[in-house]
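**Q** can't give you the sequence, but here's the structure:
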């Protein structure tokens, strides 16, 4: 009896104290390869767009909750503002409003005169832009991309490709739209280009974001181009995305080297996400052309399907109807470039 009991004990094996599986390096290699494969498939097939939008919708309340402390701090500071400061601010705003009223009277006169001239020339009225006010919710801290998130999305009528401006100038373009928010790529991002025009002489070019810092480059301009430090850059409006005349940047540096036929021109943007919390989403209505060559009536709402995340210039002209005047500068020929400099 005792011998059988001892044999039973010897046949039993001690339980494993630790369960050994794949090594940590093997698991790291497996999940790294899986992540790269999923990212490659997503970049080609875009199969995660619906998942991404659903996650963004679920995370929207969390973003609002994360912004609650800063919003509460700002509201508290505004609530405890002194009475004297409010009186001074009110007086300053009244004086500013008076000056604006005088300028507005002149503007109304010029508008009426412009409309009369257009009627005499039998031309269409100027295109009116549609705009929606939005608030910045999040600013990306990624050093390789310049993006922000605003609290207006597809439910508010926002579409990809709309221009984003603040009180001082253009800051970017809507590149991705979610149900309740939108992603805006800043003009300082390397993947974004914007057609500009020198306000002083009307010279046209394309400005590219530098990417590594908050600056813009004007590539492919010859060394004898008529550009000076302090020149103001405004949108030319030839791409149909940015309304013409909006302030973009100011020329800050011009470098000319003997071994390069092009000048290196660096510009500082006038607008920026660090200046204001509210921005304006502006869309230019598309204008169709009738078979007779006359532009049709401007629609009241823009066509979102014609806007893309990264706008490419596609300018067509009829040589029998459009006459161009020769200029001394060759920089206006550079508007056809659609790729960023290496």
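**A** Noted; the coordinates are in hand. Keep in mind that what you see is a predicted model, and the values were worked out from it rather than measured.

**Q** can you list the domain ranges for this protein.
**A** Per automatic domain parsing, the domain ranges recorded for the chain read 24-79, 81-118, 131-287+307-313+329-342.

**Q** Mean neighbour count, the ones you listed: which tops it?
**A** Highest mean neighbour count of those: domain 131-287+307-313+329-342, a mean of 18 (counted as mean count of other CB atoms under 10 Å). No exception for glycine: its C-beta is placed from N, CA and C like everyone else's.

**Q** Name whatever forms a beta bridge with residue 194.
**A** Taking DSSP bridges, one finds residue 207 as the beta-bridge partners of residue 194.

**Q** Which parts of the stretch 51-200 of the chain are helices?
**A** Secondary structure of the stretch 51-200 of the chain by DSSP state H, counting those that start in this stretch: the helices cover 83-120.

**Q** still on that earlier bit, can you put the domains of the chain in JSON lines and add mean pLDDT?
**A** Formatted as JSON lines, these follow (pLDDT from 0 to 100):
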{"stretch": "domain 24-79", "mean pLDDT": "85"}
{"stretch": "domain 81-118", "mean pLDDT": "81"}
{"stretch": "domain 131-287+307-313+329-342", "mean pLDDT": "82"}
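
**Q** Can you show me the strands along the chain?
**A** Assigned by DSSP state E, the chain shows strands spanning 130-139, 147-150, 163-165, 170-177, 182-186, 193-198, 204-209, 216-217, 232-235, 247-255, 264-269, 278-283.

**Q** strand partners of the fourth one, parallel vs antiparallel please.
**A** Pointing back at strand 170-177 there. Strand 170-177 sits in its sheet next to strand 163-165 (antiparallel), strand 182-186 (antiparallel), going by DSSP bridges.

**Q** Ok, which of those strands comes nearest residue 281?
**A** The closest of the strands paired with strand 170-177 to residue 281 is strand 163-165. By CB to CB, the value is 5.8 Å.

**Q** got a list of contacts for that closest one?
**A** Applying CB atoms under 8 Å, 6 or more residues apart in numbering, the contact partners of strand 163-165 are 134, 150, 170-174, 184, 241-243, 246, 271, 279-284.

**Q** hmm, try it at 10 Å
**A** 129, 131, 134, 136, 148, 150, 170-175, 182, 184-187, 194, 235, 239, 241-243, 246-248, 271, 273, 279-284, 311 (CB atoms under 10 Å, 6 or more residues apart in numbering).

**Q** cool, stretch 59-68 as well?
**A** For stretch 59-68, contacts defined as CB under 10 Å, 6+ apart pick out 56, 71, 135-138, 149, 151, 153, 178-181.

**Q** Residue 42 is nearest to which of the strands of the chain?
**A** Ranking those by proximity to residue 42 (CB to CB) places strand 170-177 first, at 13.8 Å.

**Q** which residues does residue 140 contact?
**A** 146-149, 183-186, 189, 273.

**Q** before we move on, the earlier item: in the contacts of stretch 59-68, find the pair that's most separated.
**A** With distances taken as CB to CB, the most widely separated pair in these is 71 and 179, at 21.7 Å.

**Q** roughly how far apart are residue 30 and residue 47?
**A** Residue 30 is 21 Å from residue 47, where distance means CB to CB, to the nearest Å.

**Q** do the same with residue 25
**A** 30 Å.

**Q** And for residue 88?
**A** 58 Å.

**Q** Enumerate every residue touching residue 185.
**A** Applying CB under 10 Å, 6+ apart, the residues contacting residue 185 are 140, 145-148, 164, 171-176, 191-192, 209, 309-310.

**Q** For residue 113, find the nearest of the strands paired with strand 170-177.
**A** With CB to CB, the closest approach to residue 113 among the strands paired with strand 170-177 belongs to strand 163-165: 26.7 Å.

**Q** Please verify my assumption that residue 260 contacts residue 223.
**A** Yes: with contact defined as CB atoms under 10 Å, residue 260 reaches residue 223; the gap is 7.9 Å.

**Q** Since that was my last question, I'll sign off now.
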